[in-house]
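Visitor: Here is a sequence together with a model predicted from it:
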Amino acid sequence: MVRIGAFFVGLFFAGWLLISFLFGAAAYVSDPPQPTVEHEFHKAPKHVSFSFDGPFGRYDRQQLQRGFQVFKEVCSACHSLKFVAFRDLEALGYNEAEVKAIAKQWAIKTPDVDPKTGEMTGRDPVPADHFPKPFANNVAAAAANNNAIPPDLSLMTKARHHGSAYVYSLITGYQPQPAELLREFPDAKTPEGLHYNPYFANLNLAMAPPLTADGQVTYGDGTKPTVDQMAKDVAAFLTWTAEPKLENRRRAGLATIVFLLIATGLAYMAYQNIWAGKKTAA
Amino acid sequence: MSFPWAEHYTPKHPVMQWMDEKLPLPRLVYNAVGAGYPVPRNLNYFWNFGVLAGLALMIQIVTGVIMAMHYGANDLVAFATVEQTMRDVNSGWLMRYAHANGASFFFIVVYLHIFRGLFYGSYKAPREMVWLLGLVIFLLMMATAFMGYVLPWGQMSYWGAKVITGLFGAIPVVGEPIQTWLLGGFAPGNASLNRFFSLHFLLPFVIAGVIILHIWALHIPGSSNPTGVEVKGPQDTVPFHPYYTAKDGFGAGVFLILFSIMLFYAPNYLGHPDNYIEANPLSTPAHIVPEWYFWPFYAILRAFTVDFFFVPAKLLGVLAMFASILLLFFLPWLDNSPVRSGNYRPTFKKFFWILVADVLILGYCGGAPAEEPYVMISQVAAAYYFAHFLIVLPLIARFEKPLPLPGSITESVLNRYNIKGEEDALPGMGADPQPSTAG
């Protein structure tokens, strides 16, 4: 009885799926799916190497400091970094006094309540504060940025596939819209106020090219501030903001795996020892 | 609940004797997973996965309870508290990555455990109840994993919750009220997040309870084995401890090494980048996909694209997705071949591997965007999935000519090591096959 019922249920599901398949296949042949402009012109991130690549890679503190400088002087005008605190910057090699100074001199004030009047006011950030947001709220952010809200950057490199390379590619990837794109997709002309960038998912980005000229930032360590170098540095910095414990994780992983290899080797020997002679014994 | 030759618990130390009279817990452990439980001597490494699933559950409970101490189940702060756990809690990143990857590894070992059962016919009499309880555990795991994925309140959390509860919305007439009732609102929100957190905390302990029943039901007939031939005498078994505790110890080591490689060196590989974006009800992700362990079922759900007369395609997809799991409850009666092990069933064996490939293809299509050719591929693969269990297996059971079975477990072991015909000649065999080291 179960098997007869199952036969008909199976026949129904399998049969209807195959009929659906025939419908789909007929539509696929008679009306093949048209390639979209994103499918044809979107590019995967460029190949770029970082000091933290590979299982033993580590952050380059100098590079993180340079990237932080780019963030501070360029990105932070529009983008927030709300999950990172000034105190976290000590991991970049700054000492306590330097962190205190960075917080105090930060261009954006931390919102607070005036202790005398109770009115909303701003004060200089202290190391315990997270980076203050450049806009009071999303409405203000959208109003100041052609209706697009600049996303928070704390987790950006983990929120995109191949995030570090993605950030680098996006910043260095602005270009004029290719002629063959407009030939194939005349309707896909980049709208006024947006910027063509093949590394962005839908190809047209509200953000204007943030790094436009070599020397836009003056590095203190003598590194030549080319656009390429600045893009790489800020990508490294944003990798750190997204994954500040990367080095702890890899160090703990190595110790754990070495320990487990030894323990598992011993467990294997114990297993063989206990079973010795038993496997073939009658 | 055991074989007559099982070793008896005899506490020697006066404290243990006192304990045994008041609360015979050590006796229970001894009989359940100690020397008092005789197990077939020929189990291969595929029999490690039950213990590994238990280990994975324990990892999930320990890391989960610690994570709950730092988590705020409120839609305004949930995402931020998870980030705080990652950044400011001592070893918080370790707990979170272990929990997220632990869920994946739990499913990996459980899928291997299920396919072990499918190949070796572990679901057949007299172990039907073991199989049924295992499926209950699997369903509870799926519910727990789904609700856990909602908790970080990222984009995939939010939209995953919306899509999955939307499945209930496909039910005619009562569907939408049910969806609203499940979510506590018209869309996922704080009410949904709170109840998912509560249930996500509760269900693992329900799973632990059903695991006890699963093991209890297993211990009545005893473990199955790769030959599928039942235990005939003491020469066919070894005590669980130390033989299989040692083997499981080694298996656990290998499991933990693989788990550590993933956890410490590729912790986000199995996750989706969109879940590092805070939930935003106004912005729908380009492709909403569940976690990889749901992909085969998600492919079945999306494979139905054509309405069946008055039944909408979406409802068919929902019914088929639930049916694809519920049909496994009937498996012990669908496949009524008396031979258990796939090793002695040549036709079954071929179709088994087709099923494995089929489920992998379904998984791949379920993770891919809902575009052609993936939809067409999942339609064929889903059709085979249903045909396999509901049509092919009963037919094989009826027409297949199985290979000759070995006379006993011991005979098959000796054949494997080319020791022939000595079984009956060995004097004293079966009188005391257990070494005195046991226990």
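Guide: That came through fine.
Visitor: list the contacts for whichever residue of the stretch 201-350 of chain B sits closest to chain A?
Guide: Closest residue of the stretch 201-350 of chain B to chain A, Cβ to the nearest Cβ: B:F264 (2.5 Å). Backbone N, C-alpha and C define where each C-beta goes, glycine included. By Cβ atoms under 8 Å, 6 or more residues apart in numbering or on different chains, B:F264 lies in contact with A:R249, A:R250, A:A252, A:G253, A:L254, A:T256, A:I257, B:Y97.
Visitor: to the chain's geometric centre, what's the distance from the helix or strand where it lies?
Guide: In the assignment (DSSP states H and E), B:F264 maps to helix B:245-265. In terms of Cα atoms, centre = their mean, to the nearest Å, the centre of helix B:245-265 is set 17 Å apart from its chain centre.
Visitor: Can you give me the buried ones in that helix?
Guide: Using 16 or more other Cβ atoms under 10 Å in any protein chain shown as the test for burial, helix B:245-265 gives B:245-257, B:259-265.
Visitor: swap in stretch A:199-215?
Guide: The neighbour-count check on stretch A:199-215 (16+ other Cβ under 10 Å) flags A:Y199, A:F200, A:L203, A:N204, A:L205, A:A206, A:M207, A:P209, A:P210, A:L211 as buried.
Visitor: Looking at those, which one is closest to A:A26?
Guide: Nearest to A:A26 among the buried residues of stretch A:199-215 is A:L203, at 32.1 Å by Cβ to Cβ.
Visitor: Report the contact partners of that closest one.
Guide: With Cβ under 8 Å, 6+ apart, A:L203 has these contacts: A:V37, A:E38, A:F41, A:H42, A:A188, A:T190, A:Y196, A:N197.
Visitor: ok, now with 10 Å
Guide: A:L203 is in contact with A:37-38, A:40-43, A:177, A:181, A:185, A:188, A:190, A:194-197, counting by Cβ atoms under 10 Å, 6 or more residues apart in numbering or on different chains.
Visitor: Return the subset of these lying in strands.
Guide: In this view, the contacts of A:L203 that belong to strands under DSSP state E are A:H195, A:Y196.
Visitor: returning to that earlier point: following the helix holding B:F264, which helix or strand comes up?
Guide: Once helix B:245-265 ends, the next helix or strand along the chain (criterion: DSSP H and E) is helix B:295-303.
Visitor: At the geometric centre of chain A, which residue sits there?
Guide: A:T157 (1.6 Å; Cα atoms, centre = their mean).
Visitor: That one touches A:L170, doesn't it?
Guide: No. The pair A:T157 / A:L170 is not scored as a contact, 11.1 Å apart, by Cβ atoms under 10 Å.
Visitor: any residues in contact with both of those two?
Guide: A:A235.
Visitor: Give me the neighbour count for the closest residue to chain B within the stretch 151-282 of chain A.
Guide: Residue nearest to chain B within the stretch 151-282 of chain A: A:G253 (2.5 Å; Cβ to the nearest Cβ). Applying other Cβ atoms under 10 Å in any protein chain shown, we find 19 residues neighbouring A:G253.
Visitor: Now whatever helix or strand it lives in: buried residues?
Guide: Element membership for A:G253 (DSSP H and E) is helix A:246-275. Buried residues in helix A:246-275, counted by 16+ other Cβ under 10 Å: A:246, A:249-250, A:252-253, A:256-257, A:260, A:263-264, A:267-268, A:270-271, A:274-275.
Visitor: now do stretch B:29-43
Guide: B:30-43.
Visitor: All the strands of chain B, in order from the start?
Guide: According to DSSP E, the strands that chain B contains are B:38-40, B:237-239.
Visitor: Dump the ones you listed into TSV; add mean pLDDT as well.
Guide: Converted to TSV, the strands of chain B look like this (pLDDT from 0 to 100):
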stretch	mean pLDDT
strand B:38-40	95
strand B:237-239	94
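Visitor: could I get those strands as JSON lines with distance to chain A?
Guide: Below are these laid out as JSON lines (distance: least, Cβ to the nearest Cβ, whole Å):
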{"stretch": "strand B:38-40", "distance to chain A": "12"}
{"stretch": "strand B:237-239", "distance to chain A": "7"}
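Visitor: now A:D112, what's its secondary structure?
Guide: Of the three states, A:D112 takes strand under DSSP: H, G, I helix; E, B strand; the rest coil.
Visitor: Helices of chain A, residue ranges please.
Guide: A:2-30, A:37-41, A:61-73, A:96-104, A:138-144, A:163-172, A:179-184, A:227-242, A:246-275 (DSSP state H).
Visitor: Out of those, which is closest to B:W295?
Guide: Using Cβ to Cβ, the helices of chain A put helix A:2-30 closest to B:W295, at 17.2 Å.
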